[in-house]
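**Q** Curious how this folds, go ahead:
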Amino acid sequence: MSQAIFTRTAGRDRSAKTRLFGSLLAAATVALLAGCANRDSVVVGSIPDDYRTNHPIVIAEKNQTLDIPVGIGDRGITRGQKITFEGYLQNYDRQAAPTLTIMTPSGGANDAAASRAARGLMNIAMKAGVPKNRIAITSYQSEYPEASSPIRVVYSAMRAQTGRCGTWPADIADTTENKLHANFGCSYQNNLAAQIANPADLLGPRKQSEIDAENRNVVIDQYRKPPATWDPETFY
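**A** Just a heads-up that it's a prediction; the model follows:
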């Protein structure tokens, strides 16, 4: 009789211990999962990790600068200088008409030649559509008196741009947080900004242009004909 009672008591004790162990194991598992969820949502998720956020494209006023070398013996604008300057003026906005500043060196070996070249550049700019009252000729101090300094031409324009690349604040071999390095996507954003002809396109869509009524009528008339008589060139 005593042995049977002892056996039943031992069984109940083992059962209670098993339930207690299971409860402790479940509580520990929940705690571990809660710790992982807290780490992922607060520490990792709070840090931006997108190249568009790290290197945003912004629209701002930027100086468009061109240096034109001038030799001591030059007697005006050379053909090469003329072609280079005309190409530089292709991006000049005639409607906004920002001030075009022609800066000639002062105190250098080619002062006289640079002054003659500056007057030639002014004439080329006016022929290209730059208003005369928006052209300013100034001077700057040459850094080396014995050398020939270039003529510097500057005007301001709205351009899409982003920050400079080449910033490495941390070791890119450190991948413990599985994040992109700080310089990732910078060159892509710079190249994209340089290809945008009209920065206003980033601010919103342009309004719809006027419809070519004559061309529309041609297409509609062709569409009304039987398909066997369609002219493919009308639609392409």
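**Q** just so I have it, where are all the strands in the protein?
**A** 58-68, 100-106, 135-141, 151-161 (DSSP state E).
**Q** Compare those strands and give me the one nearest G204.
**A** For those, distance to G204 was read as C-beta to C-beta. The smallest value, 11.6 Å, belongs to strand 58-68. Backbone N, C-alpha and C define where each C-beta goes, glycine included.
**Q** strands paired with the closest one, and their directions?
**A** strand 151-161 (antiparallel) (DSSP bridges).
**Q** how big is the angle separating the partner strand from strand 135-141?
**A** 110 degrees (axes from the mean of the first three to the mean of the last three C-alpha atoms, to 10 degrees).
**Q** Run the chain-centre distance for strand 151-161.
**A** Mean-position distance between strand 151-161 and its chain equals 16 Å (C-alpha atoms, centre = their mean, to the nearest Å).
**Q** Buried ones in it, by neighbour count?
**A** Under the neighbour-count criterion of 16 or more other C-beta atoms under 10 Å, strand 151-161 has I151, R152, V153, V154, Y155, R159, A160, Q161 buried.
**Q** Taking these, tell me the two that lie furthest apart.
**A** I151 and A160, at 27.8 Å, using C-beta to C-beta across the buried residues of strand 151-161.
**Q** coming back round to it: output the buried residues of strand 151-161 as CSV; include the columns pLDDT and distance to E210.
**A** Listed next are those as CSV, based on pLDDT from 0 to 100; distance: C-beta to C-beta, whole Å:
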residue, pLDDT, distance to E210
I151, 95, 43
R152, 96, 42
V153, 96, 37
V154, 96, 37
Y155, 95, 31
R159, 87, 29
A160, 90, 27
Q161, 88, 32
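**Q** For those, could you give me JSON lines that also reports distance to D212?
**A** Shown next, in JSON lines, are those (distance: C-beta to C-beta, whole Å):
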{"residue": "I151", "distance to D212": "45"}
{"residue": "R152", "distance to D212": "45"}
{"residue": "V153", "distance to D212": "39"}
{"residue": "V154", "distance to D212": "40"}
{"residue": "Y155", "distance to D212": "35"}
{"residue": "R159", "distance to D212": "32"}
{"residue": "A160", "distance to D212": "30"}
{"residue": "Q161", "distance to D212": "36"}
